[in-house]
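>>> pasting the sequence and the predicted coordinates here, then a few questions.
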Amino acid sequence: MSLIVKAAVKDALSEHNVSADFYEALDEEVAERLEDAVQRAEANNRKTVQARDL
């Protein structure tokens, strides 16, 4: 499952070319950030992930 929307990334970087492998790398980065945020929330005894967990 992809966590990013390729069309949105293309729009955001419209003045640049984007290689195909960029999307996969970005998706991996997002997944890692999400996991870190979940771990922080759990460490603070919360089930709700909040902006401050990033």
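In hand now; what should we look at?
>>> quick check: closest non-adjacent residue to the spatially most central residue of the chain.
Centrality entry for the chain: nearest residue to the mean C-alpha point is Val30, 2.2 Å, by CA atoms, centre = their mean. Leaving aside its chain neighbours, Val30 sits nearest to Leu3 (4.7 Å; criterion: CB to CB, 6 or more residues apart in numbering). All C-beta spots, glycine's among them, are computed from the backbone N, C-alpha and C.
>>> the one you found is in what secondary structure piece?
Assignment of secondary structure by DSSP states H and E places Leu3 within no helix or strand.
>>> wait, what's in contact with Asn45?
Asn45 makes contact with no residue under the criterion CB atoms under 8 Å, 6 or more residues apart in numbering.
>>> change the start of the numbering to 691 and stick with it
Okay, residue one is now 691; in that scheme the one you just asked about reads as Asn735.
>>> look up how far Leu744 lies from it.
The spacing between Asn735 and Leu744, counted by CB to CB, to the nearest Å, is 18 Å.
>>> ramachandran angles for the residue nearest to Val720?
In terms of degrees, to the nearest 10, the main-chain angles of Leu693 are phi -90, psi -10.
>>> how many residues are close by it?
12 (other CB atoms under 10 Å).
>>> most distant residue from the middle of this structure?
Asn735 (22.7 Å).
>>> what lies in contact with the helix or strand encompassing the residue nearest to the centre of the chain?
In this assignment (DSSP H and E), Val720 forms part of helix 710-733. Outside helix 710-733, the residues that touch it by CB under 8 Å, 6+ apart are 692-694, 696, 699, 737-740, 743-744.
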